[in-house]
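# Sequence plus predicted model, see below.
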Amino acid sequence: MKRMTTVLILLLLLLCIPMRTDASTPLVVDEAGLLTTAQVQQLDALAESIASDNGMDVAILTVNSLNGYSARTFADDYYDSHGYRYDGLILLLAIQDREWYISTSGKAIDAFTDYGLEQLEEKIVPSFSSGDFFRGFHTFLSEAQEYMQAYHCGNPIDVPARSFGSILTVSVVIGLAFAGISLLCMRGAMNTKRSQYSANEYMKDGSFSMPVRQDIFLYSNVSKMKRPENNGSGKGGSSVHTSSSGRSHGGGGGKF
């Protein structure tokens, strides 16, 4: 009876763990042929272990071309349509387009914040740029595991909070700046000398006459600046968009 109870508890626990809806879908798909068979197997085993430990899928996909789609749309749609867990992420690498993109879903949106993705980019993109794809993918999986563990501990990798020391330093610098401006203003008030910007003070009244006055417009100089887009990056948390299937995704990417 005791053994039966233990078995039932284990079965209930297994039912509570979110699984991939299509277990036949591998977590590492190398359509571009960037890796050897042994490397794919090693990365896939690591990805399976991370997914099992954290309840989030972490997938890798390489393709030759995006076929006219944006990297974001391609990654979102692939993740949504290939039976992965609702909670997870996928790293897409398109060789001909020289683009990469990480699409996050479910809990992974909060685990991989905009700031966290920027930090992750600095660690993986140099390997892609140099052609060391296995190293870049292995770094991605290792970092993903740390991000997930930090999220489960309640401390997702996000914009670091400023310490009391840094706040005090900024306050002192601002105070000194205001004090310096006040001293300059006081010094200027004590100086009675004034520069003359015309010759009127040095002329006798009525000795010079200019009957005609005319301003001639010579040229203009117009500067244009693109209005920055507000995508939420840099303010903490994650930017979210909706995929073609209607699911919410976070993520980010670029060129390599």
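Thanks, I have it.
# phi, psi of residue 99?
Torsion angles at residue 99 (phi, psi; degrees, to the nearest 10) stand at phi -120, psi 150.
# Now it: closest residue in space, sequence neighbours ignored.
residue 71 (4.5 Å; CB to CB, 6 or more residues apart in numbering). Where C-beta positions appear, they are placed from N, C-alpha and C, glycine not excepted.
# thought the one you found was touching residue 91?
No - distance between residue 71 and residue 91: 10.7 Å, which falls outside the contact criterion (CB atoms under 8 Å).
# what about stretch 82-101, average pLDDT?
Averaging pLDDT along stretch 82-101 yields 97.
# Flag every buried residue along it.
82, 84-85, 87-95, 97, 99-101 (16 or more other CB atoms under 10 Å).
# List just the nearest of those residues to residue 129.
Minimum distance to residue 129 across the buried residues of stretch 82-101 is 10.0 Å, recorded for residue 100 (CB to CB).
# Provide a list of residues in contact with that closest one.
Contact analysis of residue 100 by CB atoms under 8 Å, 6 or more residues apart in numbering lists 71, 91, 92, 93, 94, 124, 125, 128, 253, 254, 255, 256.
# In JSON lines: those residues, plus distance to residue 42.
Formatted as JSON lines, those follow (distance: CB to CB, whole Å):
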{"residue": "71", "distance to residue 42": "25"}
{"residue": "91", "distance to residue 42": "16"}
{"residue": "92", "distance to residue 42": "20"}
{"residue": "93", "distance to residue 42": "17"}
{"residue": "94", "distance to residue 42": "23"}
{"residue": "124", "distance to residue 42": "17"}
{"residue": "125", "distance to residue 42": "21"}
{"residue": "128", "distance to residue 42": "18"}
{"residue": "253", "distance to residue 42": "24"}
{"residue": "254", "distance to residue 42": "26"}
{"residue": "255", "distance to residue 42": "27"}
{"residue": "256", "distance to residue 42": "22"}
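# For residue 133, grab the count of nearby residues.
By other CB atoms under 10 Å, 19 other residues sit near residue 133.
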